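Student: Here is the input, now give the coordinates:
(2 chains)
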Amino acid sequence: NAGVTQTPKFHILKIGQSMTLQCTQDMNHNYMYWYRQDPGMGLKLIYYSVGAGITDKGEVPNGYNVSRSTTEDFPLRLELAAPSQTSVYFCASSYSGGGGAQPQHFGDGTRLSIL
Amino acid sequence: AQKVTQAQTEISVVEKEDVTLDCVYETRDTTYYLFWYKQPPSGELVFLIRRNSFDEQNEISGRYSWNFQKSTSSFNFTITASQVVDSAVYFCALKGGGQTSGSRLTFGEGTQLTVNP
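Tutor: Residues are numbered from 1 along each chain as shown, chains lettered A, B, ... in the order given. Model (predicted):
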């Protein structure tokens, strides 16, 4: 069972460059999320999506963009990378049904360094 | 606004000791959901438990138990007879029941548990 798959696992980016972090899930979940985790901290929500074609900002959206063209994929785009975006990025997905909050399933993370 | 506080930044115990991780939350929603996640040194996030605000029944799963008390807005996690493999960062998280939340979680900052042999 693949679950939530993130690529790449590690990447070093130069200041000012752009890149896309990939996330795909095979559980047919309609909700998907991007979080960042800074050293010694909890996770902060960047963007989320409640279904294909629908995205919304989380707590820390500045410097990022997302799109959701399919149920399975939810890429995160960094434009003009800055050192403050050095972090571990987690993608997650969850099922919206069941009458309550379903647990989010997380990918293994992408460790991104911007130098 | 929602908030989750895990006051214990780090806890260190010796194997076989019992340990309790504290979690205090704030929300104005009358319906909400609480979660615990484990992040081992390998870095992935593992879901442990979900609790609904309308169900205050405590839960035990093997060596793990959870004590949910709405009166004190707490959802504490106890590991009995701790083992070295329990060493990890543990996160408490909250989801409000409002329609605008999009099922997003508010995380605490985590408690680093180290179990020494």
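
Student: For residue 111, list each beta-bridge partner.
Tutor: All of this is about chain A. Residue A:111 has the following beta-bridge partners by DSSP bridges: residue A:10, residue A:88.

Student: hm, I was asking about chain B
Tutor: Beta-bridge partners recorded for residue B:111 (DSSP bridges): residue B:90.

Student: thought it was touching residue B:9?
Tutor: Yes: applying Cβ atoms under 8 Å as the test, residue B:111 and residue B:9 come out as touching, 6.7 Å apart. All C-beta spots, glycine's among them, are computed from the backbone N, C-alpha and C.

Student: of these two, who's got more company?
Tutor: Shown here are residue B:111 and residue B:9; by other Cβ atoms under 10 Å in any protein chain shown, residue B:111 has more neighbours (21 against 10).

Student: Tell me the confidence at that one?
Tutor: Note on residue B:111: pLDDT of 97.

Student: what's the answer for residue B:105, then?
Tutor: 84.

Student: Run a quick neighbour tally on the nearest residue to it once chain neighbours are set aside.
Tutor: In space, residue B:105 comes closest to residue B:93 once its chain neighbours are excluded; the distance is 4.3 Å by Cβ to Cβ, 6 or more residues apart in numbering or on different chains. Residues near residue B:93, counting by other Cβ under 10 Å, number 27.

Student: Tell me if residue B:93 really is in a helix.
Tutor: No: looking at residue B:93 with DSSP: H, G, I helix; E, B strand; the rest coil, it is strand, so not inside a helix.

Student: roughly how far apart are it and residue A:86?
Tutor: Remark: distance between residue B:93 and residue A:86 (Cβ to Cβ, to the nearest Å) = 23 Å.

Student: ok, now residue B:57?
Tutor: From residue B:57 to residue A:86 the distance is 43 Å (Cβ to Cβ).

Student: So these two - more neighbours on which side?
Tutor: A side-by-side neighbour count of residue B:57 and residue A:86, using other Cβ under 10 Å, places residue A:86 first with 17 against 8.

Student: Tell me, what's the model's pLDDT at the more buried one?
Tutor: Reported pLDDT for residue A:86: 96.

Student: List the contacts of it.
Tutor: Contacts here follow Cβ atoms under 8 Å, 6 or more residues apart in numbering or on different chains; on that basis residue A:86 touches A:112-114.

Student: what's the closest of those to chain B?
Tutor: residue A:112 (13.1 Å; Cβ to the nearest Cβ).

Student: How much space separates the nearest residue to the closest one once chain neighbours are set aside from chain B?
Tutor: Spatial nearest neighbour of residue A:112, chain neighbours left out: residue A:11 (5.4 Å); criterion: Cβ to Cβ, 6+ apart. Separation of residue A:11 from chain B (Cβ to the nearest Cβ, to the nearest Å): 15 Å.

Student: pLDDT score for residue A:44?
Tutor: pLDDT at residue A:44 comes out at 93.

Student: What helix or strand is it located in?
Tutor: If you go by DSSP states H and E, residue A:44 is part of strand A:43-51.

Student: residues of that strand that come out buried?
Tutor: A:43-50 (16 or more other Cβ atoms under 10 Å in any protein chain shown).

Student: Out of those, flag the one nearest to residue B:67.
Tutor: For those, the residue nearest residue B:67 by Cβ to Cβ is residue A:43; the value is 23.7 Å.

Student: measure the closest one to residue A:75 for me?
Tutor: Relative to residue A:75, and taking Cβ to Cβ, residue A:43 is found at 19 Å.
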